[in-house]
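Visitor: Predicted model follows, preceded by the sequence.
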Amino acid sequence: MGGHWADFQYEIYLNGMSGAVPRLPTDLTRLEELTERRLGPGPVGYVAGSAGAGSTARANRAALDRRRIVPRMLRDVHERDLSVEVLGRTLPAPLALAPIGVLSIMHPDAESAAARAAAARGVPFILSSASSTPLERVAEAMGDAERWFQLYWPKDPEVARSFLSRAKAAGYSALVVTLDTPMLAWRPRDLDQAYLPFLHGVGTANYFSDPAFQAGLAKPVHEDPNAAVMHFVGMFSDPAKTWPDLAFLRENWDGPIVLKGILHPDDARAAADAGMDGVIVSNHGGRQVAGSIGAADALPGVVEAVGDRLTVLFDSGVRTGDDIFKALALGARAVLVGRPYAYGLGLDGQAGVEHVIRCLLAELDLTLALSGHAGPGTVGPGDLVESAV
Ligand SMILES: Cc1cc2nc3c(=O)[nH]c(=O)nc-3n(C[C@H](O)[C@H](O)[C@H](O)COP(=O)(O)O)c2cc1C
Ligand SMILES: O=C(O)C(=O)c1ccccc1
């Protein structure tokens, strides 16, 4: 029998025969509290926090929790295959690591450790523009494993062009363009601690190492780091962009382009009309618009609008294998997970991120099997009902 992701379950129990239990909890919702105890309130507040009074983060959970799986019996699930086609490639499972900036606030090995974990498990790693490690160094840590580059679309087109050509040269295959963050939202947890990592220079590695970015500075970064940080703050994203600007990206990137932060079916149609390859239905983990629609509530409308034209991915609130199952059933091709792997990184570096990936996929594998599915391909809206709670 070929290996199943679910085998992790028996690996854990067998290790237990010699007295070992997992180094981290297998219920990933417990990681936030453990990380806070380990790292203190500043970094964890930044990662765990969300916009406003947190209503969008809660809506993300409610939209997933309200949907319930209706398992089916006697459907031969002894051999399972979790692989999916995404943007012309076969992934071993419907999962990728979401772009998270400033990961060095969690662990000194930061993006390189997370990327190595993703590579070890065959899961795509999406590197943030705002990484603490330059994109070339992260690529080196990954060998030829699947990596995508997330673009915060800078105001300066020369910096944008430079990022795209650097990412291409370093072997990033797909471009993820985040549209929901033309500026940072009102985030009380960070405001109350007056804590913003990149004011301390964290998350600026791609910019400070970039010749086009440096060309915009009066003095070299090391001579006036504060001016360099302020230049970054003023240009990392551009609230003046509109849909016709996407032509610039199509001209300067010849691989797949995915727009991240799509919630309205009309925006999804506009993405398809602009020649994009995919969308990520996401509200940035509830970190941008407080009071926004729960991401899973936006998924069916987007799938109905463009499911036959674009690859539809999903994130925001995924914490368990059954959450992934529900997103697949609502029409997502694959999901991204964010905060849980940041906590895994904070608690145990690369091994902690691998733990998160293996737990999520073992649980997904078991959820599929126990619900009557040998793979993601047979999962659909008919596998869910909506309940009051
Ligand atoms: C600390 C932190 C930093 C993030 N940085 C970025 C980023 O640089 N670029 C981006 O597109 N999304 C960023 N995101 C959003 C994630 O990519 C993703 O949409 C979100 O975390 C998914 O929700 P989840 O954390 O509930 O899984 C960040 C999220 C967190 C928690
Ligand atoms: O904090 C975030 O959600 C985020 O997207 C971001 C933006 C700029 C720098 C670092 C992270």
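Guide: Arrived safely. Ligands and ions are numbered 1, 2, ... in the order given.

Visitor: Need the nearest residue in space to residue 100, chain neighbours excluded.
Guide: residue 342 (5.4 Å; Cβ to Cβ, 6 or more residues apart in numbering). Every residue, glycine included, has its C-beta placed from N, CA and C.

Visitor: Count residues in the vicinity of that neighbour, would you?
Guide: If you count neighbours by other Cβ atoms under 10 Å, residue 342 ends up with 30.

Visitor: again, but for residue 290
Guide: Neighbourhood size, residue 290 [other Cβ under 10 Å]: 20.

Visitor: Contact residues of the stretch 101-250 of the chain facing ligand 2?
Guide: Among all residues of the stretch 101-250 of the chain, those adjacent to ligand 2 (criterion: Cβ under 6 Å from any ligand atom) are 101-102, 130, 181, 198, 203.

Visitor: switch to 8 Å and redo it
Guide: When proximity is defined by Cβ under 8 Å from any ligand atom, the stretch 101-250 of the chain lies next to ligand 2 at 101-102, 128-130, 152, 178, 181, 184, 187, 197-198, 203, 236-237.

Visitor: Which residue does the stretch 151-300 of the chain have closest to ligand 1?
Guide: Among the residues of the stretch 151-300 of the chain, residue 285 lies nearest to ligand 1; the distance is 2.7 Å by Cβ to the nearest ligand atom.

Visitor: coming back round to it: which among the residues of the stretch 101-250 of the chain next to ligand 2 count as buried?
Guide: Of all those considered here, the ones buried according to neighbour count by 16 or more other Cβ atoms under 10 Å are 101-102, 128-130, 152, 178, 181, 187, 197-198, 203, 236-237.

Visitor: In strands, which of the residues you listed appear?
Guide: Residues of these located in strands (DSSP state E): residue 178.

Visitor: Serialize the buried ones among the residues of the stretch 101-250 of the chain next to ligand 2 to CSV and add fields for distance to residue 223 and pLDDT.
Guide: Compiled in CSV, those are given as follows (distance: Cβ to Cβ, whole Å; pLDDT from 0 to 100):
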residue, distance to residue 223, pLDDT
101, 25, 97
102, 24, 97
128, 27, 98
129, 24, 98
130, 23, 98
152, 25, 98
178, 31, 99
181, 30, 98
187, 31, 98
197, 22, 94
198, 19, 87
203, 20, 97
236, 21, 96
237, 26, 97
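
Visitor: check which helix or strand covers residue 358.
Guide: Assigned by DSSP states H and E, residue 358 belongs to helix 339-370.

Visitor: Show me the shaky parts of the stretch 1-150 of the chain.
Guide: Within the stretch 1-150 of the chain, the ranges that satisfy pLDDT under 70 run 1-2.

Visitor: quick one, helices of it?
Guide: Taking DSSP state H, counting those that start in this stretch as the criterion, the stretch 1-150 of the chain carries its helices at 7-16, 31-39, 41-48, 55-65, 110-121, 135-142.

Visitor: hey, which of those is tucked in deepest?
Guide: Mean neighbour counts were taken over the helices of the stretch 1-150 of the chain using mean count of other Cβ atoms under 10 Å, and the top value, a mean of 24, falls to helix 110-121.

Visitor: Might you report the residue contacts of the residue of the stretch 251-389 of the chain found nearest ligand 2?
Guide: Going by Cβ to the nearest ligand atom, ligand 2 is nearest to residue 287 of the stretch 251-389 of the chain, at 4.5 Å. With Cβ atoms under 8 Å, 6 or more residues apart in numbering as the criterion, the residues that contact residue 287 are 49-51, 56-57, 185, 187.

Visitor: List, out of those residues, those positioned next to ligand 1.
Guide: Among those, the ones lying close to ligand 1 by the criterion of Cβ under 8 Å from any ligand atom are residue 57.

Visitor: so can I have a markdown table of the contacts of residue 287 showing distance to residue 371?
Guide: A markdown table is the format used below for these (distance: Cβ to Cβ, whole Å):
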| residue | distance to residue 371 |
| --- | --- |
| 49 | 34 |
| 50 | 30 |
| 51 | 34 |
| 56 | 28 |
| 57 | 27 |
| 185 | 36 |
| 187 | 37 |
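
Visitor: and which of the contacts of residue 287 is nearest to residue 28?
Guide: Relative to residue 28, the closest of the contacts of residue 287 is residue 57; by Cβ to Cβ it sits at 15.6 Å.

Visitor: do you know how far that closest one is from residue 72?
Guide: 32 Å (Cβ to Cβ, to the nearest Å).

Visitor: Which two of the residues of the stretch 101-250 of the chain next to ligand 2 have the greatest separation?
Guide: Using Cβ to Cβ, those span at most 18.8 Å, a distance reached by 129 and 187.

Visitor: which residues sit in contact with the residue positioned nearest the centre of the chain?
Guide: With distances taken as Cα atoms, centre = their mean, residue 98 lies nearest the centre of the chain, 1.3 Å away. By Cβ under 8 Å, 6+ apart, the contact list for residue 98 reads 126, 285, 315, 336-338, 341.

Visitor: likewise residue 155?
Guide: 234-235, 237-238, 240.

Visitor: Report the secondary structure state of it.
Guide: Three-state secondary structure (criterion: DSSP: H, G, I helix; E, B strand; the rest coil) places residue 155 in coil.

Visitor: The stretch 151-300 of the chain: strands as residue ranges?
Guide: For the stretch 151-300 of the chain, the strands defined by DSSP state E, counting those that start in this stretch cover 174-178, 257-262, 278-281.

Visitor: ok now stretch 161-178, how far from the chain's centre?
Guide: Between the centre of stretch 161-178 and the centre of its host chain there is 16 Å, according to Cα atoms, centre = their mean, to the nearest Å.

Visitor: In that stretch, which residues are buried?
Guide: Using 16+ other Cβ under 10 Å, the residues of stretch 161-178 that count as buried are 161-164, 166-168, 170-178.
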